[in-house]
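Undergrad: Compute the structure for the input listed below.
(2 chains)
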Amino acid sequence: MSLRIAAAVLVALLGGASLAGSAELAGGRVALPVVKIEKNGACVAPTAQMRRDHMKMLLHQRDRTMHEGVRTTRFSLKNCIECHASRETGSVLGKEGFCSSCHAYASVAIDCFECHSPMREARAQ
Amino acid sequence: MNPDRRQLLGWAAAAALAPGLRLIDLVQARSPEEAASVLQRWGLLIDVEKCSDCDACVGACRDENGWAGHGRPATDAQWIRKASLRDRGTGLVQTLPLMCQHCEHPPCVDVCPTGASFKRADGIVLVDKHICIGCRYCVMACPFGARSFVHEPVTGQKADVPRGKGTVESCTLCVHRVDRGERPACVEACNRDGGKAMLFGDLKDSSSEISLRLRREPSTPLRPDLALNPGVRYQRL
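TA: As a prediction, the model looks like this:
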């Protein structure tokens, strides 16, 4: 019984410590993702699904477009950029860019823009 | 007329009409959700006599696909170039646009170790840069020198034409335009500013202008000895 109480205390302490830690981090040492949605309206799928599966949708669409010439816009990278590019810079990259801010936060390298233009088309031309 | 006979005549009429209707379908642009089809094969016919000294096709390709270089000809990408051919016997010099010939049996596809170099159902030969590892076997295998390697970081790409360092690229026959039902940029420019030497069309559509001309007039592929059956053919060469 005393072991259980000790464990509960330990968990509580750890939880408290981590809470304190996150509060401290939110104070400015680590950049939090800025998810700026500039264009109102619904995305091509519910937000939870987009957050979890956007890379799968893009991968699937990529092969369909490249190899079969299917150019539907719903899951195309170009369509993502058209909507989500910043109104100021015209890009999805940059400090507050829609793609780059989250990817920097999650520390997941994003290779798309090694080749693809991150700019909304009207700006890129 | 008894009902059986009437039905038979109906079927006969449908059979007579069906091929014509299908031909009309084929010349129209595909819808975005429709995959490229083996019922089509895109090709070019280039009349070398009408091809003058201009390089409208090269400029148009560069602008459309955004491959302007860094002024370093040894390493800059080149999707299309004007080649001069000189007959050793007679001294006759001819110039012609040279780009990926979109072979039916492309050597670049044969040698690619990753499957990045591939031929689409409608005959357009492409590089899938997502899986290209930049080994450059295809650059060596192509008998027309049509492929380039991207040596330097690229910025400011066109939205429809992704390009990146470490991959191989070549003429895509402006696949993004073809999928919209348009002609390649070089053909557009040649017919607007140049000698009207280039014709684009569907080689499998027997009623297309390119098929009619190929049937009527003599033409030759480059390097016929290799039996690659290119989609690009030349006239009066």
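
Undergrad: how about the residues of chain A near chain B?
TA: Residues of chain A lying close to chain B by CB under 8 Å from any CB of the partner chain are A:62, A:64, A:66-73, A:78, A:81, A:114-117, A:119, A:121, A:124-125. Yep, even glycine has a C-beta here, placed from its N, CA and C like the rest.

Undergrad: Of those, keep whichever come out buried.
TA: A:62, A:64, A:66-67, A:69-71, A:78, A:81, A:114-117, A:119, A:124 (16 or more other CB atoms under 10 Å in any protein chain shown).

Undergrad: Tell me the one of those nearest residue A:98?
TA: Within these, the smallest distance to residue A:98 is 8.7 Å, found for residue A:81 (CB to CB).

Undergrad: tell me the secondary structure for that closest one?
TA: helix (DSSP: H, G, I helix; E, B strand; the rest coil).

Undergrad: Identify the residues contacting it.
TA: Residue A:81 is in contact with A:92, A:117, A:118, A:119, A:120, A:121, B:159, counting by CB atoms under 8 Å, 6 or more residues apart in numbering or on different chains.

Undergrad: So for the residue of chain A at minimum distance from chain B, what's the nearest residue that isn't a sequence neighbour?
TA: Nearest to chain B, among the residues of chain A, is residue A:115, at 3.3 Å (CB to the nearest CB). Take residue A:115 and drop its neighbours on the chain: the residue closest to it by CB to CB, 6 or more residues apart in numbering or on different chains is residue B:164, 3.3 Å away.

Undergrad: Quick check: the residue most central in space within chain A vs residue A:115, distance?
TA: For chain A, the residue nearest the mean C-alpha position is residue A:102 (4.0 Å; CA atoms, centre = their mean). Residue A:102 is 20 Å from residue A:115, where distance means CB to CB, to the nearest Å.

Undergrad: before we move on, back to that, wait, the residue nearest to the centre of chain A sits on residue A:36?
TA: No - if you go by CB atoms under 8 Å, residue A:102 and residue A:36 don't touch, sitting 10.6 Å apart.

Undergrad: Show me which of the buried ones among the residues of chain A next to chain B has the smallest pLDDT value.
TA: Within the set of these, pLDDT is lowest for residue A:124 (45).

Undergrad: Check the offset of the strand or helix carrying residue B:61 from the chain's centre.
TA: Element membership for residue B:61 (DSSP states H and E) is helix B:56-65. For helix B:56-65, the separation from the chain centroid amounts to 14 Å (computed by CA atoms, centre = their mean, to the nearest Å).

Undergrad: before we move on, what about stretch B:154-161?
TA: Chain-centre distance of stretch B:154-161: 21 Å, with CA atoms, centre = their mean.
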